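>>> have a look at this fold, sequence not included:
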């Protein structure tokens, strides 16, 4: 069930049977010479939308702009500062909590988001602590590549050249979902180099075409489809387990 | 051209021929018994995506959560506080300005966003003033229903029962784009009442099913299609005129 | 009754008979070659002070600095950033709410304030929503020129050359109240041009003497006096009606 | 010269002969059974307005709401939180600096403002330091009762019962300026007690009628007039000396 | 009892016998040619640690970075902006309040901190007022040189050349505690000059070696020891009196 | 070289030979029945202070309060909200950058700090990007247990019962440095359980004595000494390598 294609009355009825919601969250940032700028928010959106086709889970609109400051040297990247990002995650969460959602799972598509999302969770929990009241909700961050079995499949699909940015696995996922937007380029070198992540100009100097350690040429729509199927299945299981979890104490 | 389905290199090339970008912006909030929660961000997205099919304009990802606090009494509504909203619009804009975009047109789908978007523009301009430097960009807000000719068409399509929230025109637009998500309900009364907009609980007490002055039952996909076609055409003209505008002085 | 010339005990007694207060709010900014820098906060102050002479309404001190960033290219303009403005309106309102005021009417004298004031209202209402409690107050914004009958009188007094900034109507109001501070100048052109409002340097380039579409030379103290009398009468009626309004639900 | 009764062109000419401006700043808060709620912003306004009658100094609009949280237990008090207050002082100062003002003297009427005003100055100076540039302005805080000779006169006028809040000297100043707003009450005890300043409810419990150590019954308009005359004269001298000060280094 | 060398269970037991805690707070900033950069946080730490050896008082970790923007022209100075400082004092205080501490005494070592600390207290009290609840704690600021008898001893030890920054008394305290870190230099002039405190570059231009009005060459470890002994004794008395104080009302 | 026991002139000379500085950073929070509340800031302080005895590295004062909201259920814990933490790290860093430090290594002692520290780095880098200037510094986070070889030694010392909070390795480090503050208790169970980290009350319900997966009874001062020696040596190597690193591009 996609929240944005539902009515408020349908959500009200959903809340009678579940207090759990999935929020796809990512980033809009350069993904090398052939990766789509939307890759990091499209991947969790694709997986979550696939999952809700075969299970009664509710998927929120996609939080599509994250923390991508180190990619700002490449046109098309849009980034929130961590402070803005934390404030926005807070308002999404407070809104959902007003309606009675108690378990909010952020399905994340961007490694650079992790620190800010976790900081946002702590900010929300601290709000509850300082006000001396029980938080009333549990927040969970799950990177789609950390869903059970997904990392293993990606390693099997791409034994070399997977890398850490503009990876063939994420590009394969978008190829499966957007076959009309598959791009090609000559990669030089075939597998990109690695290095530290710092400020945006420094990043572009170290990683001139935007890739980090990856060979996106290995991606195919078929491999993407297999990743999506496995991730969607794992997501459903995780959402259901999360929903069954009891509070402590 | 959809930014999120493009590569950074494609955007770099676009910047050689234009410095203008369109950002669809809306809200995710209740739209009465039959309107989709996503209505207000889907409408500008639908129109902008349609427009870029027949003209060389660039469309950013959709800013899908806006200022909807007065709808928080209805499940599924997600709202940013104005202060968060202003900060986020600022970061989107600063990111785009880093790449060289100079004309940013926010195509808006939610009346409740107007105050915060305009405040955000002033905040950005003030940043430039206090730093004693020229801003280097022009920001424009355009509600999709204010595009040339669109309001007149809507008034002609819906001479009565248009109202101001969950209007048949916006619902028609989503029906045209998402025919599988058309909902139905008995409206009581057929045309909803009106009243002031205040805090969320007050709003739900005054407007029990969420509508304000509207009869969404008048919407049809065909009417929506006509609105989209006209709005897309007008948007193209406006983007081109905006791009040609010269700075003052 | 002017709050700043009253004692706390007098306000305590006022609260036994009314929960409504009027806050004049404006801006300190250039008003063309002959308009006073204080015009936009003087006008609502003049009207509200006049109104309280003939009715039992309470008038707070004047909030005299607003959102005037686009006028910063002209000496004497003082502006709050929207974020600061919103925070300050919040603290004024929270202070008044602590004492039991439930209806707060901001009588506004500057169009550029509207977005930030409305955003501030939403911020305050959202505070209540996120804390899951009823707001307990109603906030209203009323531009003095939108008080019943005032716009019509101004159009009758100034059928041409009214414009939108440094208008003859607002200048007439200050002439009536501050006859010793009436200024004169040669206007070239007699009726100023129009154009978009952007960043401060851009504004001064487009509007070299600060006016927008107006001929302030049409103002007279007598016309100002007629506007004040009508606005004061309308304000009293509006305050009384606002005070009688019942909460929803 | 009063800025709010001047045009931007007049201020532009003033800047050719001086870079100094005076900002009256105070608070709107309870002042005991007979003191006006506006006392703390009226006093510096009265003195500064008096001073500009006999010298070529420029006086900004009055910053009328300050840090008065400890008085919020008494109706009519309006307070900014220190964080808001600091932000607002920052925006006033940045606006004035844009126009070329380099010496800004805040003439203060409320002891409770001192900490926040000094913190605001440091915030502004730090802004310059972190940006590795010279600030370009000097900020000064002067309490009106600390102007040369004023404290001595007040001690001579009120050898006992002066106290620290709702003092006869500040009340005398407002009596001189607003003779129609002189109030009377029976004071019990005649001279109020003292105690620490903490949170608002605590304050009202310790100081039930709002006074601290004072006997406001000693105030007369004549004494107020003498204080104003002396303070206005001292202010002129201080403004002129401040304007002549050269930057270090 | 030093909190950081205790376990949570020991603090839980302490709370059964006292609700008072001491927080040493200072600044890390230049202290002239021979003063340690840590002087201003070491002094209150030294005194508080000494005090807890002979009385059952609890000492929190030292808040070691304060408001030192005007010293940023000298290497090694680290400063918080007032806004950050206020936020951090707030979080320390809210944390301690969660555990049940009701009397929090900040033992301060830096004059430049006073404004921000007092503003922080007001911010915390205002938080309570705006939420219409009793604060439940009392906050106190005590500069170590204002502890009973300490100022008199310093004036007796250093009848001339005490000055206001890099004073012989504070340097003597650190000499007593850190005899291995005693530095020497030729002072020119022997007693430093005075002047206003503004922005950092201005400060260094006025005070080229960092001292203000002081001759640190007068400091000896013995004098420092006498100051510490007296201050520690006075602190114990003050903590005990503060703990016995009853709330008002 | 300890910055706080140095003069500004000594730091100025250090900057002529190195642009690198180490900032110990941790948290003050419960560490089970026997761990010191200061454990997480004492460990990096102990290691950094040890390292500077045998190499020419500069160590800043310790940043002793971090992100510990989930431990607020246990008395003595003091936590910054992530937003405050990020602001404070920003001000420390901006201060050090003003002096010319270009490589800042935060030696961290608390896993819960990692997200906020990384977010702070991104915030600082974004500041540079949005201002379209090169950052001019490199920021690095190193957990002391991730220094080369340290983790391996800890696993060898504590093959079972190491856990993730109140670990025997961190307690051993404080035992070595503070032998007079070694505590004892009966652990029940000997090795604590594990579980998710959420809000503070939830945490205490899941982890009743504060430990997570650890048996602190395994700690000895000797094992702590070995860890410190190895970590100090590794830190020196890392600081030197960091200092030699050239910027990209």
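That came in fine, so what should we check first? All of these numbers come straight from a predicted model, not from anything done at the bench.

>>> please count neighbours and contacts with C-alpha atoms only from this point.
Noted.

>>> in chain A, what residue comes closest to chain E?
Nearest residue of chain A to chain E: residue A:130, at 6.1 Å (Cα to the nearest Cα).

>>> for that residue, give its distance to residue E:228.
Going from residue A:130 to residue E:228 by Cα to Cα, to the nearest Å gives 36 Å.

>>> more crowded one of the two?
residue E:228 (27 against 19; other Cα atoms under 10 Å in any protein chain shown).

>>> is any part of the longest helix along chain A close to chain B?
Longest helix of chain A, by residue count under DSSP state H: helix A:221-244. No: using Cα under 8 Å from any Cα of the partner chain, helix A:221-244 stays clear of chain B, coming no nearer than 15.3 Å.

>>> how about stretch A:229-244 and chain F, touching?
No: Stretch A:229-244 lies out of reach of chain F by Cα under 8 Å from any Cα, never closer than 11.7 Å.

>>> who touches that stretch?
A:18-20, A:22, A:47-48, A:50-52, A:55, A:57, A:103, A:105, A:144-145, A:147-150 (Cα atoms under 8 Å, 6 or more residues apart in numbering or on different chains).

>>> drop anything exposed from these.
A:18-20, A:22, A:47-48, A:50-52, A:57, A:103, A:105, A:144-145, A:147-148, A:150 (16 or more other Cα atoms under 10 Å in any protein chain shown).

>>> sorry, back to before: mind listing which of the contacts of stretch A:229-244 are in helices?
Cross-referencing those against helices under DSSP H gives A:47-48, A:50-51, A:150.

>>> tell me the contacts of the residue in chain A positioned nearest to chain F?
Distances from chain A to chain F, computed as Cα to the nearest Cα, single out residue A:115 as the nearest residue at 4.0 Å. Residues in contact with residue A:115 (Cα under 8 Å, 6+ apart) are F:114-116, F:118-119.

>>> residue numbers of chain A in contact with chain F?
Within chain A, the positions adjacent to chain F are A:67, A:69-70, A:72, A:81-83, A:114-116, A:118-120, A:122-123, A:125-126, A:128-129, A:134-135, A:138-139, A:198-203, A:205-206, A:247-249 by Cα under 8 Å from any Cα.

>>> which of those residues fall in strands?
Mapping these onto strands (DSSP state E) picks out A:138-139.

>>> which of the residues of chain A next to chain F are buried?
A:67, A:69-70, A:72, A:81-83, A:114-116, A:118-120, A:122-123, A:125-126, A:128-129, A:135, A:138-139, A:198-203, A:206.

>>> all helices of chain A, in order?
Under DSSP H, chain A gives helices at A:8-17, A:39-51, A:82-99, A:114-130, A:150-157, A:168-177, A:200-206, A:221-244.

>>> got these as CSV, with mean pLDDT and distance to residue B:193 columns?
Putting those into CSV (pLDDT from 0 to 100; distance: least, Cα to Cα, whole Å) gives the following:
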stretch, mean pLDDT, distance to residue B:193
helix A:8-17, 98, 19
helix A:39-51, 98, 36
helix A:82-99, 96, 25
helix A:114-130, 91, 38
helix A:150-157, 98, 52
helix A:168-177, 98, 43
helix A:200-206, 90, 52
helix A:221-244, 97, 39
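
>>> same list (these) but as TSV, adding distance to residue F:63.
As requested, the helices of chain A are arranged in TSV below (distance: least, Cα to Cα, whole Å):
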stretch	distance to residue F:63
helix A:8-17	44
helix A:39-51	34
helix A:82-99	20
helix A:114-130	18
helix A:150-157	37
helix A:168-177	39
helix A:200-206	27
helix A:221-244	36
